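Colleague: coordinates only, sequence not included:
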């Protein structure tokens with residue numbers, strides 16, 4: 001599976017796909033650039049349908065749902081849009097005759113809701129949702145499939161937590177030399193962790209820590225983003241500078257930041273020769289990496305991502321992920337890091 005930006009890349013991909021499997025069909029979908037992706041898990045007894053949770057992905061559509069971080073409850077979706085997602089989920093579950101769990105993936109683009117896929121089964125997100133809302137969804141689904149009604153179990157209404165839970169993915173890249181860390185529509189993660197707090201920023205920071213991505217509190221941040229991502233860069237860069245970070249970037253990105261009035265050191269790309277950014281990383285000058293390569297620059301930036309991995313530097317390959325990281329760093333710098341038991345978050349919910 002691959003996101004194809006132009007006809008030339010389509011011809012290349014189709015040629016490779018047919019060589020790999022001539023007898024299988026080729027499915028082409030329209031890609032919604034910049035769409036918000038949402039996972040919804042629900043349980044149905046054939047009559048009553050209850051949504052367990054609405055998870056808003058941090059990364060935009062195009063990153064596999066198993067690799068994207070997500071937040072429950074959603075952080076940017078309006079109440080009206082959430083009601084629409086709940087209503088559509090209930091209609092689909094009833095029409096499909098689902099008895100048990102159902103997972104639906106939506107994309108929200110221009111305020112319109114698109115259905116990506118409907119899975120009449122349990123999803124990998126069920127353990128996360130169950131812990132986030134304090135409801136054993138797998139247990140209830142087993143009872144429903146054995147003939148119980150949700151009314152008998154006592155679970156007939158949605159439970160929206162007062163806290164925020166963030167799921168973050170864990171990747172095995174460090175175990176495979178030479179593997180690129182860039183994310184895409186094919187799943188690469190092998191596990192996931194969860195962070196919980198009263199707000200998204202601190203929950204994301206906790207999830208990052210659990211995933212062994214230690215967000216820095218100071219230092220030099222390397223930034224190199226593709227042209228189409230530069231319109232999203234200003235709040236990220238200004239947020240970093242406001243917190244005392246220094247910026248270093250390749251030529252195009254450094255010029256863009258300087259035009260915004262931000263001080264930024266320029267550094268060579270790897271293909272431009274030493275001293276380049278990988279040299280700076282190996283000299284322990286870099287505290288964090290933000291790198292979103294385009295198709296033409298993937299090979300050049302591979303060494304950047306791989307070096308960041310080997311040096312255990314936090315790195316982000318999407319603007320949405322970088323934005324969440326900046327929010328997480330700000331939360332860590334301005335608020336005390338508190339630890340509470342999972343049971344404390346759910347205290348008073350149970351009958």
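Modeller: Everything's here; your move. Computed from a predicted model, the values in this text were never measured in an experiment.
Colleague: do you have the strands of this protein handy? List them.
Modeller: All strands of the chain, identified by DSSP state E, fall at 36-44, 49-57, 70-72, 100-109, 112-119, 164-170, 191-197, 220-225, 246-249, 265-266, 286-292, 315-316.
Colleague: deepest of the ones you listed, which one?
Modeller: strand 70-72 (a mean of 26; mean count of other CB atoms under 10 Å). Every C-beta, even on glycine, is put in place using the N, C-alpha and C of the backbone.
Colleague: so which of the strands of the chain gets nearest residue 21?
Modeller: strand 112-119 (20.9 Å; CB to CB).
Colleague: just checking: what are the partner strands of the closest one?
Modeller: In the sheet, strand 112-119 lines up against strand 100-109 (antiparallel) (DSSP bridges).
Colleague: give me the angle between the strand it pairs with and strand 36-44.
Modeller: 160 degrees (axes from the mean of the first three to the mean of the last three CA atoms, to 10 degrees).
Colleague: re earlier: can you put the strands of the chain in CSV and add mean pLDDT and distance to residue 257?
Modeller: Putting these into CSV (pLDDT from 0 to 100; distance: least, CB to CB, whole Å) gives the following:
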stretch, mean pLDDT, distance to residue 257
strand 36-44, 96, 26
strand 49-57, 96, 27
strand 70-72, 96, 28
strand 100-109, 96, 29
strand 112-119, 94, 34
strand 164-170, 94, 28
strand 191-197, 94, 30
strand 220-225, 94, 7
strand 246-249, 96, 6
strand 265-266, 94, 10
strand 286-292, 94, 12
strand 315-316, 91, 16
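Colleague: for these, give me TSV that also has distance to residue 133.
Modeller: What follows is those, written out as TSV (distance: least, CB to CB, whole Å):
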stretch	distance to residue 133
strand 36-44	10
strand 49-57	6
strand 70-72	8
strand 100-109	14
strand 112-119	19
strand 164-170	8
strand 191-197	11
strand 220-225	36
strand 246-249	40
strand 265-266	46
strand 286-292	33
strand 315-316	28
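Colleague: residue 168 pairs with what?
Modeller: residue 193.
Colleague: which ones are touching it?
Modeller: 69, 192-195, 204, 207-208, 210-211, 213 (CB atoms under 8 Å, 6 or more residues apart in numbering).
Colleague: re the thing from before, which of the strands of the chain sits closest to residue 27?
Modeller: When these are compared by CB to CB, strand 112-119 sits nearest residue 27, at 11.7 Å.
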